[in-house]
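**Q** Build me a model from this:
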Amino acid sequence: MNETTKKNDSYGKSRDIILDIQKRIKNLIHVDFDILDFNLPGHVEPGVAYIEGKSANRLIVILRGCGCEWAQKDEGGCVMCGHLSGSSKGQAIPDYQLKNQFEKAIDGFDFSDCPMLCLYNGGSFLNEREISPSLRRYMLQRVNDIPHIERLIIESRTEFITDDILDEIEEIMTDTVVEIGVGVETSNELLRDLVLNKGVTTEDLEIAGSRFRNREKIKMLAYILVNPPFLTEAEAIEDAVASLEFAHKIGARIASLEAVSIQHLTLVSFLAEAGFYKPPWIWSMFEIVKKSVHLDLDLRIGGFEFFPIPKEFTSNCRDCDEEMVRRINLFNMTNDLGVISDCKCPSNCDLMWKKDLQKVDGRDIIARISTIFDRIDVESVLERLKNSVHL
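**A** Numbering: from 1, shown residues only. Here you go, the predicted structure:
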């Protein structure tokens with residue numbers, strides 16, 4: 001990012017506004033330790049996948065941990081991520097409880113027809129302050145010892161992806177391919193820094209990507225965000241396509257399009273409550289895939305596996321959403337572009353989508369942020385968020 005941009009007074013004011021509201025939203029998160037059982041996983045769900053040219057089943061396990069360390073920092077936390085609400089919000093969770101969660105999730109599950117396990121902790125699996133080294137090694141070895149699991153997916157921020165850690169994973173996971181999900185989000189550093197508050201630079205991503213080169217059994221899975229706040233629908237498509245190209249360039253061989261959802265007690269939920277944000281159209285997700293098929297990427301459509309479960313996901317309309325989600329699942333099972341190329345809506349909501357694509361905003365991002373927040377009654381919206389009930 002240009003240093004002049006960082007020092008720009010308007011940039012600083014926009015950043016101050018976003019960080020101030022972000023902090024106030026995080027203060028609304030309350031953890032009821034009398035109700036939550038940290039011996040039980042936060043979420044366990046079967047799903048579908050596409051591995052090495054074939055359809056497959058997968059098991060998604062989300063451990064209820066202490067929460068993402070970045071989100072716990074005073075000025076940290078990605079604006080779209082609601083995982084902190086499903087955590088202990090920084091209170092240490094003993095290894096034995098995390099181990100209990102892990103065992104209860106996989107114990108007794110029949111993996112004979114399920115070659116993929118997604119093991120998440122609402123943060124960075126490789127951060128030793130979130131998952132201890134001994135527990136990490138235990139879980140990796142336990143997964144490797146299950147003969148039917150061919151692929152494991154974990155997630156981490158870039159700062160925890162080191163050569164030593166990757167060497168350790170290779171040493172343990174002798175029979176399993178490991179994908180490490182990394183929040184690339186966007187190739188636009190202004191968006192990543194100011195709008196998303198990601199706390200990750202382009203250089204950080206390039207260094208992390210370089211660590212995966214020449215490793216056969218560990219792959220970088222790039223998460224690409226679709227529709228960051230303050231963009232038009234057309235800009236969101238353009239940004240995601242450019243970001244997929246960037247992810248491929250830095251070393252990712254797998255990418256998942258992650259549509260922004262309305263996750264409880266996040267800046268995105270604040271903007272949605274104020275009437276200044278809606279998730280992207282599913283049509284946009286399909287368009288991004290079509291524009292990116294030339295890349296040598298194993299491309300997936302994600303954006304549905306979060307804990308706590310979001311209030312709202314990417315959608316089209318009531319008349320075609322069910323069919324479109326079925327098509328997404330089918331695409332993820334087959335990687336067949338034809339599955340999403342001949343979609344039709346009985347209500348022709350694609351015409352509304354096409355009208356949205358014609359919308360233009362001539363202002364720069366900083367001007368948009370300033371104008372939008374000037375129009376929001378911050379106290380009123382925060383009060384509504386505070387009183388909202390999310391199941």
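**Q** mind listing the helices for the stretch 151-300 of the chain?
**A** According to DSSP state H, counting those that start in this stretch, the stretch 151-300 of the chain carries its helices in the segments 163-172, 189-190, 202-210, 233-250, 267-273, 282-292.
**Q** so what's V289 up against?
**A** L257, L299, I301, F331, L337, I340 (Cβ atoms under 8 Å, 6 or more residues apart in numbering). Placement of C-beta: from N, CA and C, glycine included.
**Q** Please check those residues and keep the buried ones.
**A** L257, L299, I301, F331, I340 (16 or more other Cβ atoms under 10 Å).
**Q** Next, count neighbours for the spatially closest residue to the second one that is not a sequence neighbour.
**A** Nearest residue to L299 in three dimensions, chain neighbours excluded: A255, at 5.5 Å (Cβ to Cβ, 6 or more residues apart in numbering). Under the neighbour criterion other Cβ atoms under 10 Å, A255 is assigned a count of 24.
**Q** A255 contacts L244, doesn't it?
**A** Yes: counting by Cβ atoms under 8 Å, L244 is a contact partner of A255 at 5.6 Å.
**Q** quick one, strands of the stretch 101-250 of the chain?
**A** In the stretch 101-250 of the chain, the strands defined using DSSP state E, counting those that start in this stretch lie at 116-120, 151-155, 177-185, 218-226.
**Q** now those strands as a markdown table including mean pLDDT, distance to I165 and mean neighbour count?
**A** Converted to a markdown table, the strands of the stretch 101-250 of the chain look like this (pLDDT from 0 to 100; distance: least, Cβ to Cβ, whole Å; neighbours: other Cβ atoms under 10 Å):
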| stretch | mean pLDDT | distance to I165 | mean neighbour count |
| --- | --- | --- | --- |
| strand 116-120 | 97 | 15 | 22 |
| strand 151-155 | 98 | 11 | 22 |
| strand 177-185 | 98 | 9 | 24 |
| strand 218-226 | 98 | 10 | 23 |
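**Q** Let me have these in CSV, adding distance to T314 as columns.
**A** Converted to CSV, the strands of the stretch 101-250 of the chain look like this (distance: least, Cβ to Cβ, whole Å):
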stretch, distance to T314
strand 116-120, 19
strand 151-155, 20
strand 177-185, 16
strand 218-226, 7
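**Q** Which one, of those strands, ends up nearest to R15?
**A** R15 sits nearest to strand 177-185 of all the strands of the stretch 101-250 of the chain, at 17.0 Å, using Cβ to Cβ.
**Q** Retrieve the pLDDT associated with L299.
**A** At L299, the model reports a pLDDT of 94.
**Q** who's in contact with it?
**A** L244, I254, A255, S256, L257, V289, S292, V293, N335.
**Q** hmm, try it at 7 Å
**A** Listed by Cβ atoms under 7 Å, 6 or more residues apart in numbering, the contact set of L299 reads A255, V289, S292.
**Q** how about CSV for those, with distance to Y50 and pLDDT added?
**A** Formatted as CSV, those follow (distance: Cβ to Cβ, whole Å; pLDDT from 0 to 100):
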residue, distance to Y50, pLDDT
A255, 13, 97
V289, 13, 97
S292, 16, 97
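**Q** May I see the residues you listed arranged in JSON lines, with distance to V184 as well?
**A** What follows is the contacts of L299, written out as JSON lines (distance: Cβ to Cβ, whole Å):
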{"residue": "A255", "distance to V184": "8"}
{"residue": "V289", "distance to V184": "17"}
{"residue": "S292", "distance to V184": "14"}
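**Q** Nice, that's everything, thank you.
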